[in-house]
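Visitor: Predicted model and sequence below, questions to follow.
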Amino acid sequence: QGLVSPRADIEGSAGRRSGVPRASFCVPRAPGHARYSKRMSRASTPRGRPTLRSLALTFLTLSALSCRAENPPARASGRALDRPARAAVSEEEEPSRPRLTVRCVHAAPDRWHADLTLSRPVRALAFLRGPHAFRDHWRVTTRGARAVRTADADFVVADAPVSSFSLELPYGDDQPAKDYRPFYRFTDEGSLLYTGHLALALADCPDRDCSRPVIPLSESESEPAPLDGQLTLVAAPGETVVVRGRARGGEVSVPLKTDGTYAYFGNLAPLETADLVGFVDRGFPPWLSARFDDLLPRLFALYGARLGRRGEPQKPLLFATFARLDGQGRDLGGGVMPPGVVNFAINLGASYLDAMTPELRGDVDHVVAHEVAHLWNGDLYTHQGDRSSGWMHEGSADALAFRALRALGALDETGYRARLSSALSRCVLSLGDG
């Protein structure tokens, strides 16, 4: 059986844009930042300034670098993106942190309901990822509680200490800057939710009305610590929740972590090969389904043979969504996160639905080969030295993608050398006067 199911008829599938900034595949990252969804684009603005010495060393070891710039950062540990405002607290003054339980229910096709329950009353909690504009659409339903945004973080605060907060989370296509998109939708059935956006820290209210909340830090802390707790995901009737590599039925509990993962809510049957489990949008055009079916198994087999088999007890989990765009454009994105999750978002205008052009096939192949490479160069192996070197992390994924596509016959020798030359030229041009 191929990875992609037969195409289903789509009703009311008007194209919608994901809102992800267009970009290519190499970007400097700050330490602790996670790697996020990326987009193919011809436009690029070089960022990150590797030295000539480091460029030469990397070229000798990898034979290629792709230093095209992008807005989203590369993947790493997934710590909070912006350090929120803090209030120093001595070890003696610090109260014990409450334990947090979050129950997130898929209440309607386009809406989730989240209950945040604490082991003791508090006045304020801070979301560790953000601040983000998509939370403008989230609604706090607890009486006497409200949302507050500062320049550093998004908070939920109450007039008096409470033991629980309730939130309504509507589906949205918003793509936050330098972070994972909170939701994706499949054209036929199901949605993805990014669990890391529900990670929280304890916050304080230095002013009476709690209009400027802060996150307290003990003397031993350098950054906000997430509240220990559990996230319970509940599917709608007839759905299944899939998280961390396997289907878990209608309800599943996982540790609540800042560096979360995508959870699938829906009733698509998983499509399995020897190397991965996939949930692939049945709205894919036939040519795109055929390309995924052909390329993905061969890529996994090649990377495994050349770089070593991945040793996790579960297979990598793949999500691929599709949307029709208004107009004639195309928007190809992807990303990888632990534990072994890769997602693709393929959005195409009407002119690309019936036939594949050589240029589009090349872009699709590159996105797929690049992102699958990150399952090895990010999850299985990591480079030494400064982990903020996104040009190394992303450049090596491009180098692996170029070589893999040539080995599989998707790139001929001329095309391989042209891509290699273009990548090196972009790196040299990015050096500027440095």
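Guide: Structure received. Since we're looking at a predicted model, the values are computed, not measured. Residues are numbered from 1 along each chain as shown.
Visitor: First-to-last residue distance for stretch 227-239?
Guide: 29 Å (Cα to Cα, to the nearest Å).
Visitor: Give me the mean pLDDT for that stretch.
Guide: Stretch 227-239 shows a mean pLDDT of 93.
Visitor: can you map out the helices along the stretch 251-400 of the chain?
Guide: 286-307, 358-374, 390-407 (DSSP state H, counting those that start in this stretch).
Visitor: can you redo those as CSV with mean pLDDT, mean neighbour count and distance to Gln175?
Guide: All C-beta atoms are positioned from the backbone trio N, CA, C, and that covers glycine. Formatted as CSV, the helices of the stretch 251-400 of the chain follow (pLDDT from 0 to 100; neighbours: other Cβ atoms under 10 Å; distance: least, Cβ to Cβ, whole Å):
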stretch, mean pLDDT, mean neighbour count, distance to Gln175
helix 286-307, 92, 18, 22
helix 358-374, 94, 20, 16
helix 390-407, 88, 25, 19
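Visitor: In contact with the residue nearest to Leu307 when sequence neighbours are not counted: list those residues for me.
Guide: Spatially, and ignoring its direct neighbours in sequence, Leu307 is nearest to Trp376 (4.8 Å; Cβ to Cβ, 6 or more residues apart in numbering). Trp376 sits next to Tyr303, Leu307, Gly308, Arg310, Leu400 when contact means Cβ atoms under 8 Å, 6 or more residues apart in numbering.
Visitor: switch to 10 Å and redo it
Guide: By Cβ atoms under 10 Å, 6 or more residues apart in numbering, the residues touching Trp376 are Tyr303, Gly304, Arg306, Leu307, Gly308, Arg310, Ser396, Ala397, Leu400.
Visitor: ok, now Ile346?
Guide: Contacts for Ile346 (Cβ under 10 Å, 6+ apart) come out as 18, 280-281, 283-285, 288, 292, 320-323, 330-334, 352, 364, 367-368.
Visitor: With Leu100 instead?
Guide: Contacts for Leu100 (Cβ under 10 Å, 6+ apart) come out as 116-119, 122, 125, 198-202, 226-231, 256.
Visitor: Mark which of those residues are buried, thanks.
Guide: 116-118, 122, 125, 198-202, 226-227, 229, 231, 256 (16 or more other Cβ atoms under 10 Å).
Visitor: What distance do you get for the nearest residue to Arg361 once chain neighbours are set aside to Gly362?
Guide: Once flanking residues are discounted, Arg361 sits nearest to Arg291: 6.7 Å by Cβ to Cβ, 6+ apart. Noted for Arg291: a distance of 11 Å to Gly362, by Cβ to Cβ, to the nearest Å.
Visitor: One more: His374?
Guide: His374 is 19 Å from Gly362, by Cβ to Cβ.
Visitor: so can I have TSV of the contacts of Trp376 showing distance to Ser422?
Guide: Below are these laid out as TSV (distance: Cβ to Cβ, whole Å):
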residue	distance to Ser422
Tyr303	23
Gly304	28
Arg306	24
Leu307	24
Gly308	29
Arg310	30
Ser396	17
Ala397	16
Leu400	16
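Visitor: Point out where the protein drops to low pLDDT.
Guide: 1-95, 245-248, 310-313, 378-390, 432-434 (pLDDT under 70).
Visitor: hang on, Met356 packs against Phe292?
Guide: No. Counting by Cβ atoms under 10 Å, Met356 stays clear of Phe292, with 11.7 Å between them.
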